[in-house]
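Novice: Sequence plus the predicted model coming up.
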Amino acid sequence: MTVTAKEMMLEAMAQLEQVNMTEAQSLLESRQVALLDIREKVEFDAGHIDGAEHISRGLLEFMIESHPKFSDRALPVLVYCKSGGRSALAGATLKRMGFQRVLNLEGGFDAWTQGQNIPEGMAD
């Protein structure tokens, strides 16, 4: 049986808590969540959410285990990408790797920059 990328993304999203921008801001302010940007490095360098750690999706499985910010698998992880699809797939991977609470930022960095009224690429 084959599946499409969209089907894989929807399946992954169903495994995660979807968090809107307001909820994400509250979590980040409480410092009770680790923030993970899984976009490519060029995307991260062009702009990212303040406090985000960067591990591109292609290296996630290899890099996450040795990253000190993600050593506690009980600590919630808020994952984002450009629009929410790649982060859903990455989040499902994190769940499979034993991370207990993985949250996906609805709409990704695009929604964050629009909600913050910051031109894309200008957030850091």
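Specialist: Arrived safely, thanks for sending.
Novice: If you count residues, where's the longest helix of the chain?
Specialist: Secondary structure of the chain per DSSP state H: the longest helix is helix 85-96.
Novice: Let me see the mean pLDDT of that helix.
Specialist: For helix 85-96, mean pLDDT rounds to 96.
Novice: now the helices: where do they sit in this protein?
Specialist: Listed in chain order, the helices found in the chain under DSSP H are 5-14, 21-30, 41-46, 60-63, 85-96, 108-115.
Novice: how about the ones you listed in TSV, adding mean neighbour count?
Specialist: The C-beta positions use only the backbone N, C-alpha and C, and glycine is treated the same way. Shown next, in TSV, are these (neighbours: other CB atoms under 10 Å):
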stretch	mean neighbour count
helix 5-14	14
helix 21-30	14
helix 41-46	14
helix 60-63	14
helix 85-96	22
helix 108-115	19
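Novice: Format those helices as a markdown table; extra columns: distance to Ala74.
Specialist: Shown next, in a markdown table, are the helices of the chain (distance: least, CB to CB, whole Å):
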| stretch | distance to Ala74 |
| --- | --- |
| helix 5-14 | 21 |
| helix 21-30 | 15 |
| helix 41-46 | 26 |
| helix 60-63 | 19 |
| helix 85-96 | 13 |
| helix 108-115 | 25 |
